[in-house]
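>>> Sequence isn't available, so here's the structure alone:
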């Protein structure tokens, strides 16, 4: 019985569903794996956060340069947004999660973070970068996933 639970959890963690991604020259096809992915879990409800608008930005080469939006999407029913990019370059990136949209859609009127920006640096573009967000109305946590 223990191994069947592990296989169910494993299938959930590796499951991919066609992402909802706005048209972009850098956007992935639904059957490909982006070098940057994300997964949003609502820890207050104990379930994936579906329909969270997500925007991906890349900062210019020098510190202080402007951010350029390179892609956008929305989390699917499993809280995942997998198809953000075709290719990756070294540099500083930012994922913006429009959490107010999610909270309002789910009837949550009191929250502290209307959006969350996670800024991270890519040194090795040959690797995959998974940026999960654990979300609740008054806090959040993130880490580099696999």
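Thanks, I have the structure now. Nothing here was measured: the structure is a model prediction, and the numbers come from that model.

>>> Quick check: phi and psi on residue 72?
Main-chain torsions, residue 72, degrees, to the nearest 10: phi -150, psi 160.

>>> who does it bridge with?
Taking DSSP bridges as the rule, residue 72 bridges to residue 55.

>>> mind checking pLDDT for it?
On pLDDT, residue 72 comes in at 96.

>>> before we move on, what about the one 4 residues further on?
Residue 76 carries a pLDDT score of 96 in this model.

>>> I'd assumed residue 50 was in contact with it.
Yes - with contact defined as CB atoms under 8 Å, residue 76 reaches residue 50; the gap is 6.6 Å. C-betas here are computed from N, CA, C, even on glycine.

>>> Just want to know which of those two has more residues nearby.
Each of residue 76 and residue 50 has its neighbours counted (other CB atoms under 10 Å); residue 76 has more, 21 against 18.

>>> quick one: the more buried one and residue 49, what's the gap?
As judged by CB to CB, to the nearest Å, residue 76 and residue 49 stand 10 Å apart.
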